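Asks: sequence first, then the predicted structure, then my questions.
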Amino acid sequence: MKIKDIQEEIVDEFSMFDDWMERYEYIIELGKNLPLIKEEFKTENNLIKGCQSKVWLQGEKKDDKIVFTADSDAILTKGIIAILIRTFSNQKASDILEADMSFIDEIGLKEHLSPTRANGLVSMIKNIKMYALAFNTKN
Amino acid sequence: MLDINKIRADFPILSQKVNGKPLVYFDNGATSQKPQVVIDAISKYYQEINANIHRGVHTLSQLATDAYEISRGKIQNHINAKFAHEVLFTSGTTHGINLVTNGFASILKPGDEVLVSALEHHSNIVPWQMLCEKTGATLRVIPMNADGELMMSEYDKLLSNKTKVVTVNHISNALGTVNPIKYMIDKAHEVGAAILIDGAQAVPHLKPNVQELDCDFYAFSGHKMCGPTGTGILYGKEAWLNKLPPYQGGGEMIKEVTFEKTTYADLPHKFEAGTPNIAGGIVLGTAVDYLNEVGFENIQQQEKELLEHATQRLLEIEGLKIFGTSAAKTSVVSFNIEGIHPYDIGTIIDKLGIAVRTGHHCAQPIMNFFCIPGTIRASFAFYNTKEEIDVMVEAIKKAQLMLS
């Protein structure tokens, strides 16, 4: 599936919820299903700065695509990163770099999460794009 | 006894709704809310007497200067400083501490020691580290115990004739522990060391008596005691303030300037370069008046009841652990719930209208001591109520259900 299609799918899913509680419960659910990073990759290098909770992110090249795994010590953060990974894992570096990020606003993540957490979200996206940039340049 | 409804009516922000729920503001340790008299005094200053101070001969400038100096006098009385010129206006506690550490850069030598407590806010650690890097002095740490209390037996051992400065907060921001500062001040003086007290978390709850304490410096912020942001006070004993070099050069702090040499103004102006936060300084006096009208005995009584109620109610929650269990505590409860990240709780209860602080509270060494990423901190002010605590407890239970 293309990034754009996945994003539309996520926006659709979130549009079913009436209030913040259902939305958060869904995020928590997504967090529980996050493809976990291997323990050996939970290094200082893979730690994303700018989040109040800890977030580790690891990207690996698989054929012409990048596969992301991650973990966090906070469950809501895990849920958010799960949304990002669902969108960007198994995608080409060039597609990741070009991806539009407005779906974040559409699912109300930026609006509904506190500014410090939103900063963490920005850092997560930045790190994903950095991986894409690094892999893209190597090619 | 406080008439709590009357007090709450003084704070317009408290009747607000946040996320559709009545605001429960328990982040008073970060900043306090402002009463209407303070908000009004800010407009009044700009509407009626705004002018630059200490230099104009015109009427407005005189009025503004008078108001500013009257406020300094009020604060002098409030903290019982011997002289008004020992009361320096700053932008906050951090500014006050940096003013002092900057001054000590010309006093400390390699081999000298600076004692800092394990309970400090980063603002009272980093400037001293920078000072030690600059001068070659050594930073040593007064340890704490599992209750979050400083260990006085260790403090006694650390003190020596090498000790030149001791720095400690009056009350810990992260845990609420009230430190035995009178003892610490006397002990520091026995070895000839100066001592700075970071009073940022104390001034909302009590009236420090700097002469009785006999501390050399006492720094605090205005915004935590119902005053405007960007205001603060550094009290320094006259002898020390005369000894320390100026912090910033500029207008206001000079006696005479030529290109060959500048002589500095007398206290307090030597340390007040540039146009200060005039409105803020004046209105800080209004805030001090307000707190005194409410009465610190009343404030302490209300806050004691809130602390007891919160501690009791919070401990009903399964898996909840309180950090900072000293008998000497102000109205701060720092806690975690087993298996749940403080940030998750904080985010969810925010949706229920409750403002608490989560994270390391700018005191990472304390979090490292307890081996935790952070805590949830509920810090109460005299305008808070037991009913609000009950609302928080229910919200936490709801969050716990969602998150586990």
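Replies: Received it, and whenever you're ready, just let me know what you need.
Asks: which residues touch the residue of chain B most remote from its centre?
Replies: Ranked by distance from the centre of chain B (Cα atoms, centre = their mean), the top residue is B:Glu260, with 40.3 Å. Residues near B:Glu260 by Cβ atoms under 8 Å, 6 or more residues apart in numbering or on different chains: none. C-beta: built from backbone N, CA, C; applies to glycine.
Asks: report the mean confidence score over the host helix or strand of B:Val288.
Replies: Counting by DSSP states H and E, the element that carries B:Val288 is helix B:278-294. Per-residue pLDDT values over helix B:278-294 give a mean of 98.
Asks: kindly format the C-alpha coordinates of that helix as CSV.
Replies: Output of helix B:278-294 as CSV, limited to C-alpha atoms (Å, rounded to 0.1, in the frame of the first residue of the first chain):
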residue,chain,number,x,y,z
ILE,B,278,9.3,48.2,36.1
ALA,B,279,5.6,47.1,36.0
GLY,B,280,6.6,43.7,37.2
GLY,B,281,8.7,45.0,40.1
ILE,B,282,5.9,47.3,41.2
VAL,B,283,3.2,44.6,40.9
LEU,B,284,5.3,42.1,42.8
GLY,B,285,4.8,44.5,45.8
THR,B,286,1.0,44.2,45.1
ALA,B,287,1.3,40.4,45.2
VAL,B,288,3.2,40.5,48.5
ASP,B,289,0.5,42.7,49.9
TYR,B,290,-2.2,40.3,48.7
LEU,B,291,-0.5,37.3,50.3
ASN,B,292,-0.1,39.1,53.6
GLU,B,293,-3.7,40.1,53.6
VAL,B,294,-4.7,36.5,53.1
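Asks: nearest residue to the residue in chain B that chain A sits nearest to in space, please, no chain neighbours.
Replies: Going by Cβ to the nearest Cβ, chain A is nearest to B:His341 of chain B, at 3.6 Å. Closest residue in space to B:His341, ignoring its immediate chain neighbours: A:Ala74 at 3.6 Å, by Cβ to Cβ, 6 or more residues apart in numbering or on different chains.
Asks: secondary structure class for the residue farthest from the centre of chain B?
Replies: Three-state assignment for B:Glu260 (DSSP: H, G, I helix; E, B strand; the rest coil): coil.
Asks: spatially central residue in chain B, please.
Replies: B:Ala200 (1.0 Å).
Asks: circling back to that earlier point, how much space between the residue farthest from the centre of chain B and B:Ile254?
Replies: 14 Å (Cβ to Cβ, to the nearest Å).
Asks: and for A:Lys65?
Replies: Relative to B:Ile254, and taking Cβ to Cβ, A:Lys65 is found at 67 Å.
Asks: and the helices in chain A?
Replies: A:3-15, A:20-32, A:75-88, A:93-98, A:103-106, A:109-112, A:115-138 (DSSP state H).
Asks: correction: the previous question concerned the stretch 251-400 of chain B.
Replies: Ranges of helices within the stretch 251-400 of chain B are B:278-294, B:296-314, B:342-351, B:364-370, B:386-403, based on DSSP state H, counting those that start in this stretch.
Asks: for the longest one, buried residues please.
Replies: What that stands for is helix B:296-314. The neighbour-count check on helix B:296-314 (16 or more other Cβ atoms under 10 Å in any protein chain shown) flags B:Ile299, B:Gln302, B:Glu303, B:Glu305, B:Leu306, B:Leu307, B:His309, B:Ala310, B:Thr311, B:Arg313, B:Leu314 as buried.
Asks: sorry, back to before: winner for burial among the helices of chain A?
Replies: Mean neighbour count (mean count of other Cβ atoms under 10 Å in any protein chain shown) peaks for helix A:75-88 among those, with a mean of 24.
Asks: my read: B:Asp214 touches B:Met184, true?
Replies: No. Using Cβ atoms under 8 Å, B:Asp214 is not in contact with B:Met184, being 10.9 Å away.
Asks: between those two, who's got more neighbours?
Replies: With neighbours defined as other Cβ atoms under 10 Å in any protein chain shown, B:Asp214 and B:Met184 compare such that B:Met184 has more, 25 against 14.
Asks: that one - nearest residue in space that isn't next to it in sequence?
Replies: Nearest non-adjacent residue to B:Met184 (Cβ to Cβ, 6+ apart): B:Val168, at 5.8 Å.
Asks: so how many other residues sit close to that neighbour?
Replies: There are 26 residues near B:Val168, going by other Cβ under 10 Å.
Asks: can you give me the distance of it to B:Pro127?
Replies: 14 Å.
Asks: how about the residue in chain A that chain B sits nearest to, what does it touch?
Replies: Across chain A, the shortest distance to chain B (Cβ to the nearest Cβ) belongs to A:Ala74, at 3.6 Å. Contacts for A:Ala74 (Cβ under 8 Å, 6+ apart) come out as A:Gln52, A:Ser53, A:Lys54, B:His341, B:Tyr343, B:Asp344.
Asks: just to revisit the earlier point, and the host helix or strand of the residue nearest to B:Met184, which strands flank it?
Replies: B:Val168 is part of strand B:163-169, with elements assigned from DSSP H and E. Taking DSSP bridges as the criterion, strand B:163-169 forms sheet pairs with strand B:113-117 (parallel), strand B:194-198 (parallel).
Asks: please name the residues that touch the residue lying closest to A:Phe14 once chain neighbours are set aside.
Replies: Once flanking residues are discounted, A:Phe14 sits nearest to A:Ile107: 4.1 Å by Cβ to Cβ, 6+ apart. The contact partners of A:Ile107, by Cβ under 8 Å, 6+ apart, come to A:Ile10, A:Val11, A:Phe14, A:Ile83.
Asks: okay, which residue is most central for chain A?
Replies: A:Leu84 (2.2 Å).
Asks: measure that residue to A:Glu8 for me?
Replies: 15 Å.
Asks: show me what from chain B comes close to chain A.
Replies: Neighbours of chain A within chain B, by Cβ under 8 Å from any Cβ of the partner chain: B:19, B:340-341, B:343-344, B:346-348, B:350-351, B:358-359, B:373-374, B:402-403.
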